[in-house]
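Visitor: okay, here's the prediction I keep looking at, along with the sequence it came from:
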Amino acid sequence: MAKTKKGKRFKRVLIVIILVIIGILAGTSAYAFYYGNWGGINNKVSFLLIGTDKRPGASSYNADSIIVASFDPQKKLISLLSIPRDTRVTPTGSKNYCKINAVPSLRGISELEKQVTSLTGIKVNSYVLTNFSGFKDIIDTLGGITIDVEKNMYYETGDKEDGYINLKAGVQKLDGSMALQYARFRNDTTADIGRTSRQQKVLTAIGKKMFEPITILKLPKLVPQLMKAMETNLSLKEFLALAGTAGSFSSATIISQTLPGDAIMLDGLSYWEVNRVKAKEVAQNLLLGKTTDQVWDSSVLASLDPDVKARLTAPATEEAVIDIPEIPGVTVPKVGAAPVTTIQTEQYSGTITWSPEDKIFLIGKEYTATITLAPKAGYTLKGIGINFFTVPGATARNEADSGVITVVFPISANPTGTPQSPEQQQS
């Protein structure tokens with residue numbers, strides 16, 4: 001009987017640990033964890049997880065990552081809404097705008113809370129802090145997590161500790177250090193939006209790992225590590241209340257979403273711009289378990305105030321030549337996968353048509369993709385050289401000053417049991 005009670009108590013602590021791991025993962029060296037909407041064990045609870053560059057004892061810091069995490073005991077649903085750190089906001093009482101990651105340094109955490117509530121319609125408050133070393137220790141205690149690293153990743157972060165990101169592409173088990181590298185990487189064409197997607201992959205992998213039965217046996221070791229890794233202004237009563245609320249989440253569904261928007265150049269600076277009406281719709285739908293694949297929102301420019309639009313096309317702002325050669329998201333076709341039809345970067349958007357027009361890639365076929373790019377505000381194709389654009393594993397061709405790219409992929413051999421065309425099935 002005593003063992004049963006102890007097991008239940010450990011299960012309730014699982015969500016607390018997951019929350020802290022999520023927060024550690026979200027930031028560059030620490031995170032702040034806000035709780036809100038307390039009303040009882042059966043009510044929905046929402047949190048603001050803030051990744052920061054805060055050092056112990058520091059009074060000023062930026063928010064590198066911001067995630068609104070909501071937990072619904074009735075639906076057994078954990079939802080994670082990532083807010084890109086370059087999101088443009090206007091601090092309360094000011095006519096000037098800034099990136100949301102600068103709000104803690106400029107106005108403090110209470111103002112960040114107001115901005116997140118304004119964007120999402122979700123009320124949040126209060127916090128916990130932790131660091132990278134705690135994240136790595138906990139991942140190692142779990143025995144690592146399995147992630148499909150989508151490409152080779154290398155970057156020098158400049159930090160004294162964890163100063164390098166160096167990962168190879170492929171499905172692999174990541175230890176704490178490698179998982180941290182994967183979650184932090186943003187040195188590619190999708191920048192912070194790509195990093196947000198990778199963080200969500202890691203969070204989902206951690207959540208699944210945490211709920212494996214064998215994890216229960218590791219909790220006595222995990223809990224002391226957790227306590228060493230964090231600072232908190234949560235009272236013991238509030239901490240226990242959170243643990244109690246977690247009791248119904250042993251079979252929870254975990255979903256994630258990035259707040260949709262578009263990259264703009266405004267007064268010479270890049271921002272993530274959000275359609276405020278759609279942002280609240282996405283946030284509320286996520287609480288109901290509904291997600292959208294639309295991260296890049298084409299309605300953003302039309303939703304801008306006239307004075308902001310004028311600054312996007314101001315005569316004093318010179319257009320920059322597109323300098324992202326590698327087309328993101330377009331890779332050698334994998335049998336059974338659906339073809340990518342749209343692409344987005346902060347400099348351009350694009351559409352892709354495939355020949356042949358199969359709904360999924362089939363074995364033994366040669367595929368050609370025609371990519372048509374459209375520059376975003378502040379960028380131009382004038383000055384692009386012949387065959388400037390590239391696609392890994394394929395031959396890509398474009399004319400000078402042109403955003404029309406023809407990409408030819410080689411015929412690939414694939415494993416047994418993969419989809420075949422009708423002609424192959426008859427042979």
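Guide: Nice, I can see it.
Visitor: low-scoring stretches of the stretch 51-200 of the chain, by residue?
Guide: The model of the stretch 51-200 of the chain has pLDDT under 70 over residues 53-60, 125, 127-134, 189.
Visitor: tally of neighbours for residue 395?
Guide: Residue 395: 13 surrounding residues under other Cβ atoms under 10 Å. (C-beta placed from N, C-alpha, C; glycine too.)
Visitor: what pairs with it across the strands?
Guide: residue 408 (DSSP bridges).
Visitor: from residue 333, how far out is it?
Guide: Relative to residue 333, residue 395 is positioned 14 Å away (Cβ to Cβ, to the nearest Å).
Visitor: residues in contact with the nearest residue to residue 407 once chain neighbours are set aside?
Guide: Closest residue to residue 407 apart from its sequence neighbours, by Cβ to Cβ, 6 or more residues apart in numbering: residue 369 at 4.4 Å. Residues in contact with residue 369 (Cβ atoms under 8 Å, 6 or more residues apart in numbering) are 330, 339, 352-355, 391, 394, 406-407, 409.
Visitor: which of those residues fall in strands?
Guide: Secondary structure assignment by DSSP state E places 352-355, 406-407 of the contacts of residue 369 in strands.
Visitor: pull out the buried residues from those residues.
Guide: 352, 354, 407 (16 or more other Cβ atoms under 10 Å).
Visitor: from memory the last one sits against residue 392, does it?
Guide: When you say that, I think you mean residue 407. No. Residue 407 lies out of contact with residue 392 (Cβ atoms under 8 Å); the separation is 10.4 Å.
Visitor: pop the domain breakdown of the protein in here.
Guide: Following automatic domain parsing, one finds the domains of the chain at 2-287, 320-408.
Visitor: right, and those - which one's nearest residue 303?
Guide: With Cβ to Cβ, the closest approach to residue 303 among the domains of the chain belongs to domain 2-287: 4.4 Å.
Visitor: ok, back up a step: could you look up the SS state of the residue nearest to residue 407?
Guide: Under DSSP: H, G, I helix; E, B strand; the rest coil, the three-state class of residue 369 is strand.
Visitor: from residue 331, how far out is it?
Guide: If you go by Cβ to Cβ, the gap between residue 369 and residue 331 works out to 10 Å.
Visitor: mind listing the shared neighbours of those two?
Guide: Both residue 369 and residue 331 are contacted by residue 391, under the criterion Cβ under 8 Å, 6+ apart.
Visitor: strands of the stretch 251-400 of the chain, residue ranges please.
Guide: 253-258, 262-266, 269-273, 320-321, 342-344, 348-355, 368-375, 379-380, 395-398 (DSSP state E, counting those that start in this stretch).
Visitor: now those as JSON lines including distance to residue 156 and mean pLDDT?
Guide: Output for the strands of the stretch 251-400 of the chain, formatted as JSON lines (distance: least, Cβ to Cβ, whole Å; pLDDT from 0 to 100):
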{"stretch": "strand 253-258", "distance to residue 156": "26", "mean pLDDT": "84"}
{"stretch": "strand 262-266", "distance to residue 156": "24", "mean pLDDT": "85"}
{"stretch": "strand 269-273", "distance to residue 156": "22", "mean pLDDT": "88"}
{"stretch": "strand 320-321", "distance to residue 156": "25", "mean pLDDT": "86"}
{"stretch": "strand 342-344", "distance to residue 156": "27", "mean pLDDT": "83"}
{"stretch": "strand 348-355", "distance to residue 156": "27", "mean pLDDT": "90"}
{"stretch": "strand 368-375", "distance to residue 156": "30", "mean pLDDT": "92"}
{"stretch": "strand 379-380", "distance to residue 156": "27", "mean pLDDT": "87"}
{"stretch": "strand 395-398", "distance to residue 156": "28", "mean pLDDT": "94"}
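Visitor: which stretch among the ones you listed is buried most, on average?
Guide: For these, the largest average neighbour count (mean count of other Cβ atoms under 10 Å) is found in strand 262-266, namely a mean of 22.
Visitor: who touches it?
Guide: Contacts for strand 262-266 (Cβ under 8 Å, 6+ apart): 86, 88, 270-273, 296-298, 300-301, 308, 311-312, 317, 345-347, 376-379.
Visitor: just the ones of these in helices?
Guide: Counting by DSSP state H, the part of the contacts of strand 262-266 found in helices is 300-301, 308, 311-312.
Visitor: how about those residues, which pair is most distant?
Guide: With Cβ to Cβ as the measure, no two of these lie farther apart than 300 and 311, at 14.5 Å.
Visitor: list the contacts of the nearest residue to residue 150 once chain neighbours are set aside.
Guide: Leaving out its chain neighbours, the residue that sits closest to residue 150 by Cβ to Cβ, 6+ apart is residue 169, at 6.5 Å. Residue 169 makes contact with 149-152 under the criterion Cβ under 8 Å, 6+ apart.
Visitor: quick one: which two of those are the most distant?
Guide: Greatest spacing in the contacts of residue 169, by Cβ to Cβ: 150 and 152 (9.4 Å).
Visitor: what about those two, which has more around it?
Guide: Under the criterion of other Cβ under 10 Å, the comparison of residue 150 against residue 152 puts residue 150 first, with 17 against 11.
Visitor: give me the phi and psi angles of the closest residue to residue 359 other than its chain neighbours.
Guide: Excluding the flanking residues, the one nearest residue 359 by Cβ to Cβ, 6+ apart is residue 338, at 6.7 Å. Here is the backbone geometry of residue 338 (degrees, to the nearest 10): phi -80, psi 140.
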